[in-house]
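>>> this is a predicted model, with the sequence first.
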Amino acid sequence: MGADEEKQLRLDNKKLSREIRRLRKDNELLRVANEQGMRTQAYIQRDNVRQIFYINQLLRTCPYLLLLLDDGLRTLMVSDVFFSYKGTENFDRGAVSRGIHLSRALSGIIGEDLLSELANNCAAVLSGVSVEPYLLRSVGNDGNSVWQVTIKQMVQDGKIIGLTVFFIDMTKFVDAVERAEAADQAKGNFLSNMSHEIRTPMNAISGMSEFIVRDSRDETAKHHAIMIKNASKTLLTIINDILDFSKIESGRMKLVEEAYQPASLFNDVMAIIETRLTDSPVKLVTDIDGKVPRVIYGDEVRMKQVLINLLGNAVKFTREGKITLRVRFEKIDEEYVSLKVDVEDTGIGIKKKDLENIFSSFTQVDTKKNRSVEGTGLGLAISRRLVNMMGGDISVASEYGIGSTFSFVVRCKVVDWSPMGDIGNHQGEVDEAFQATFKAPKASVLIVDDNEINLDVAEFALEPYEFSVRRADSGAAALDAFKARHFDIILMDHMMPVMDGVETMHKMREMPGGSDAVVIALTANTYSGAAAEYKAIGFDDFLSKPIDPQELDRILRKFLPEEMIK
């Protein structure tokens, strides 16, 4: 062998040695990779076993009906609850796992028409359309059932491979809601009926005390009658607060919006508050912007209620100094203004710890100090709810021992942008008997009421006008009286047995001369919008019980012919 050949062999040997080392290294890497793969496979197997265990546990313990379906709406898995329903006893787990169609699986649980709806919704979800959870009523094991159905896609690698259909039995919840609604309706009916029953004797108390104040020459008797009248007003306020709060809580309180003049509203409120401040060292100060639009659109009755609640609250807790009613407005756009109202007082104020509870229901802060103050603790809670309903909010700032300021802002639509003008001060007459503004001895009035006391009260209220008064204690008697002669005004009670006031009024309208008769609804069913509702069903106007002498005077003057009025 030559030197060259020997050299070549040594080079080849080195190459082979390097290749052997490389192969050994690669072999070691393959061994390590194989071991890692075996460990990963074992982990995956353990994880699969664990996942299967968890899925089985979920399906076994889930209290709701759950179905996993393939893209052909055939079952893959179901919760164990499925087998407890009537009509599923013929299925075993193997059959369900092998796959049975949705319509067959649920045929014993929900009706055919609902099955068709469910299948259509499932098909929509499979096509990519989202279907919101919905309620489905069916006949289950224990009679009528209500289900909430949720349908979701199962997606793998971006492809829809099936669905999960989830049924939650809502029967007990729906029954509970329906019972709560029925109870709430019963509560509302009870309060409404109680309001009517309470107002009937209150009408007598308030009316008779008014007549004693008007007619009595005995100053002691007049003083006692004034106390009775004031107490009856307080009781009526409490009754109204409870009824209003009940309506708000149940969602039955509705705003009755119409065009009104804020100047008239503020004048009325000021007159009411000034009557409460007579013989008090507290003064009512007004700072009302005369540029407020002349006519705005909203619920005047509820706006007045909020103002009287806030001002009345200030009267209760202010012993000296003043109460200020401040009104400003800001133009929002070409249709709306923001009306801001402040009621500021120099009263006892509110402690910081009580401020957060001041608008809570049935709450009167610092009760130990204010135990002599009458009220339900609902006025501010009702005011806040009403302001919220009008799209605004209410707040309070107070310093204990110095005074408080209640403020609210509401958004109002403007009907007439011309300024309402300045509002003058008003001095009210406290507890003085109202004096009729006219007499009409040639006018004839028919009073219809099934309650003898109410008839007496109404007749006494009409006495100063010197009318010719006829009484009827039923709808039938009213029709007989109307048939016999003409009446210029008819005061018609609503709640009467056998034939109520509405039916009586409609029958009168069908009689000769009935279309022109002036029929005024006289009722204890007072609520926001009552006047509009009574007018809508055919009455000419509305008068609430207890009878307000000023309101009675207004209605009589409005409907009597001018030539009869002296």
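Good, I have the coordinates.
>>> which other residues reach the one helix or strand R471 maps to?
If you go by DSSP states H and E, R471 is part of strand 468-472. Residues outside strand 468-472 that contact it (C-beta atoms under 8 Å, 6 or more residues apart in numbering) are 441-449, 455, 459, 462, 478, 480-481, 485, 487. C-beta coordinates here come from the backbone N, C-alpha and C atoms, glycine included.
>>> could you pull out the helices in the stretch 351-500 of the chain for me?
352-355, 379-389, 452-462, 475-484 (DSSP state H, counting those that start in this stretch).
>>> ok, back up a step: export the strand holding R471 to CSV, keeping only CA atoms.
C-alpha atoms of strand 468-472 as CSV (Å, rounded to 0.1, in the frame of the first residue of the first chain):
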residue,chain,number,x,y,z
SER,A,468,-133.1,74.7,43.5
VAL,A,469,-131.5,71.3,44.6
ARG,A,470,-132.9,67.8,43.9
ARG,A,471,-131.4,64.7,45.4
ALA,A,472,-131.2,61.1,44.0
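>>> what lines up beside that strand in the sheet?
Applying DSSP bridges, strand 468-472 is found paired with strand 444-448 (parallel).
>>> in contact with the closest residue to T318 other than its chain neighbours, which residues?
Spatially, and ignoring its direct neighbours in sequence, T318 is nearest to G347 (3.6 Å; C-beta to C-beta, 6 or more residues apart in numbering). Counting by C-beta under 8 Å, 6+ apart, G347 makes contact with 314, 317-319, 321, 403-404.
>>> buried among those? Make that a ChimeraX selection.
The buried residues among these can be selected in ChimeraX (16 or more other C-beta atoms under 10 Å) with this line:
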select :314,317,318,403,404
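>>> okay, the contacts of G347 in CSV with secondary structure and pLDDT next?
Output for the contacts of G347, formatted as CSV (DSSP: H, G, I helix; E, B strand; the rest coil; pLDDT from 0 to 100):
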residue, secondary structure, pLDDT
A314, helix, 86
F317, helix, 84
T318, coil, 87
R319, coil, 86
G321, coil, 88
G403, strand, 87
S404, strand, 89
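>>> isn't I382 right next to G312, touching?
No - if you go by C-beta atoms under 8 Å, I382 and G312 don't touch, sitting 11.9 Å apart.
>>> these two - which one has more neighbours?
Neighbour count, other C-beta atoms under 10 Å: between I382 and G312, I382 has more, with 24 against 17.
>>> pLDDT weak spots in the stretch 1-150 of the chain?
Within the stretch 1-150 of the chain, the stretches with pLDDT under 70 are 1, 40, 42-49, 51-56, 86-90, 139-143.
>>> can you give me the helices for it?
3-61, 93-98, 102-105, 112-126.
>>> ok, and what's touching the last one?
Counting by C-beta under 8 Å, 6+ apart, helix 112-126 makes contact with 69, 71, 73, 102-103, 106-107, 110, 131, 134, 136-138, 149, 151-153, 160, 163, 165, all of which sit outside it.
>>> name the nearest residue to L58, ignoring sequence neighbours.
Nearest in space to L58, with sequence neighbours left out and distances taken as C-beta to C-beta, 6+ apart, is S79 at 7.7 Å.
>>> mean confidence for stretch 438-445?
Stretch 438-445 shows a mean pLDDT of 90.
>>> same thing with stretch 517-532?
In this model, stretch 517-532 has a mean pLDDT of 74.
>>> from here on, call the first residue 9.
Let's use 9 as the start, then, which means that last one is stretch 525-540.
>>> can you give me the end-to-end distance of that stretch?
Criterion C-alpha to C-alpha, to the nearest Å; first-to-last residue distance in stretch 525-540 is 19 Å.
>>> Serialize the contacts of G355 to TSV and add fields for distance to D100.
Compiled in TSV, those are given as follows (distance: C-beta to C-beta, whole Å):
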residue	distance to D100
A322	77
F325	76
T326	81
R327	84
G329	86
G411	80
S412	74
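>>> can you pull the contacts of G320?
281, 284, 387.
>>> let's see that with 7 Å instead.
Applying C-beta atoms under 7 Å, 6 or more residues apart in numbering to G320 gives no contacts.
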